[in-house]
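> quick one: sequence plus predicted model below, questions after.
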Amino acid sequence: MSEFTLTELADKLRECAGESEGIDLDSDAVLDVPFIDLGYDSLALLQVTGVIKRERGVELSDDAVVEAETPRILLKMINSSLPEAA
């Protein structure tokens, strides 16, 4: 299965929780910015990871999602949990 990208994460964040004005989620500059500074709380992240679970089969615990403070950390968790290709 292909790697989950920042572009895909940005799309899911917008889809589930919108986008704060003045924030460019498509820029690599957001990789290390805390989600709270990007306008996303833990509830928004749980919604996003629920969609990713349904679409990509990625299983993350609620605690892990809350601990993922930045997009880089969340992407690393998602990509390390991707199911192996059949």
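Cool, the structure landed.

> tell me the confidence at residue 41?
Looking at residue 41, its pLDDT stands at 94.

> against residue 2, how distant is the nearest residue in space to it that is not next to it in sequence?
Of all residues not flanking residue 41 in the chain, residue 35 sits nearest, at 7.6 Å (C-beta to C-beta, 6 or more residues apart in numbering). In short, each C-beta sits where N, CA and C put it, glycine included. Separation of residue 35 from residue 2 (C-beta to C-beta, to the nearest Å) stands at 24 Å.

> neighbour count: the two, which is higher?
residue 35 (23 against 9; other C-beta atoms under 10 Å).

> just for the chain, where's the confidence low?
The chain contains residues with pLDDT under 70 at 1, 85-86.

> switch to 80 and redo it
For the chain, residues meeting the criterion pLDDT under 80 lie at 1, 84-86.

> name the residues of the strand or helix carrying residue 8 that are buried.
Element membership of residue 8 [criterion: DSSP states H and E] is helix 6-17. Applying a neighbour-count criterion of 16 or more other C-beta atoms under 10 Å, one finds 6, 8-10, 12-13, 16-17 buried in helix 6-17.

> what element comes up after that helix heading to the C-terminus?
Next element after helix 6-17 (DSSP H and E): helix 35-38.

> which strands or helices does that following helix pack on?
helix 71-80 (3 or more C-beta pairs under 8 Å, 6 or more residues apart in numbering; DSSP states H and E).

> what angle separates the helix it packs on from helix 6-17?
100 degrees (axes from the mean of the first three to the mean of the last three C-alpha atoms, to 10 degrees).

> hey, C-alpha coordinates of helix 71-80 in PDB?
Extracted in PDB, the C-alpha atoms of helix 71-80 (Å, rounded to 0.1, in the frame of the first residue of the first chain):
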ATOM      1  CA  PRO A  71       1.400  16.400  11.200                       C
ATOM      2  CA  ARG A  72       4.900  14.800  11.000                       C
ATOM      3  CA  ILE A  73       4.200  12.700  14.000                       C
ATOM      4  CA  LEU A  74       0.800  11.700  12.900                       C
ATOM      5  CA  LEU A  75       2.000  10.800   9.400                       C
ATOM      6  CA  LYS A  76       4.800   8.600  10.800                       C
ATOM      7  CA  MET A  77       2.200   6.800  13.000                       C
ATOM      8  CA  ILE A  78      -0.200   6.300  10.000                       C
ATOM      9  CA  ASN A  79       2.500   5.100   7.700                       C
ATOM     10  CA  SER A  80       4.000   2.700  10.200                       C
END
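
> please consider this matter closed, and thank you.
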